[in-house]
Structures are given as C-alpha cells and as structure tokens.
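Undergrad: Build the 3D model from these lines:
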Amino acid sequence: MSGEGDDLAIVLFSEILMLEQLVSTALSRALPRGMELSHFSVLNHLANTGGEKTPAQLARIFHLTKGAMTNTLRKLEWAGWVHIRPDWDDARRKLVAISPAGRAARDAAVAAIGPLVTEAASAVGPAKVRAALPVLRDLRQKMAQLEAAD
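TA: Numbering: from 1, shown residues only. I've put the predicted structure just below:
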C-alpha cells in the first residue's frame, strides 16, 4: 500500500483507536462498581466458553503477559468471581473457572452495558453493523497473525 492506500489505512486505524477509547470509557462507567473492563472481559469469556482455562491460555487469548493476567485473576479470585485450582494432572499449572458469583457479576455487567451498546448499534443501523462485522473480523485476524509472527 502506498500513497492514498497509506492514508486510508491511517484514517481507518485512527477511527478504530478513537472508537476503542470511547467504548472503553463508556463501558467502564457503566460496569457495576468494583468491576474493571479487564475483569468483565475475562468473566465474559469464561461464561461464554464454559469449562476451565489455564492462566497462560487466558493470557494468550487476551494478548497479555502472564504477569498481567495473573494480576487480573488475583483480583477476580479476591472478589469471588473465579475459582482457581491446581491442575491435578500437572501440578505446575492452575485452572481457572467462573464461579456462580462471577456469572452473576458478569450478567449484571451485561445488563448494565446492554442498553448502551444496543443504542449505539441501533443508531448506526443493523445493515451498517452487519456490513462492518466481516471487515472488523478480518482486520482482527490479520492483526493477530502479525502479532503471532513477532
């Protein structure tokens, strides 16, 4: 890409970055007291996928360092939102699962942010949202490939 293509890419990613900042701020304000966006993200993932994950798996999924994920998991465990147990097959690993309290906290967060995201998507219109999803998904997958190549 060169010339106009470079400019188009910069404008696109500038819009994505501005949108990410606005969404993060709005969601953080709407989340239940004591819940951070990183907490919601992990709880939402665990609620949607079911089962248990290792901290290393979660770190990879969220593109974080193991230390950053460990910090988030400690806070979630302290709040009673996840259970962390030893892996009985490999004592060096731990397994993380969402707790009933964590599922309730996640559900409360979804209820709190639902109207906000629904209103924004409705204002843009279902047709535009449907059209944007494949493009955003392709960009996310490409960025994940580029990060994995590093």
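
Undergrad: Just give me the longest helix of the protein.
TA: Ranked by residue count under DSSP state H, the longest helix found in the chain is helix 4-30.

Undergrad: Show the average pLDDT along that helix.
TA: Per-residue pLDDT values over helix 4-30 give a mean of 92.

Undergrad: same deal with stretch 109-128?
TA: Stretch 109-128 shows a mean pLDDT of 95.

Undergrad: same check, this time on stretch 45-52
TA: 94.

Undergrad: Give me the residues contacting the helix or strand that the longest helix of the chain is followed by.
TA: Using DSSP states H and E, the helix or strand that follows helix 4-30 in sequence is helix 37-49. Here helix 37-49 makes contact (Cβ atoms under 8 Å, 6 or more residues apart in numbering) with 24, 27-28, 31, 53, 58, 61-62, 72-73, 75-76, 79, 81-82, 96-98, 102-103, 105-106, 109-110, 113. Yep, even glycine has a C-beta here, placed from its N, CA and C like the rest.

Undergrad: thinking again about what came up before, buried residues in the longest helix of the chain?
TA: Under the neighbour-count criterion of 16 or more other Cβ atoms under 10 Å, helix 4-30 has 27, 30 buried.

Undergrad: Just the contacts of helix 37-49: which are in helices?
TA: Per DSSP H, the contacts of helix 37-49 map to helices at 24, 27-28, 58, 61, 72-73, 75-76, 102-103, 105-106, 109-110, 113.
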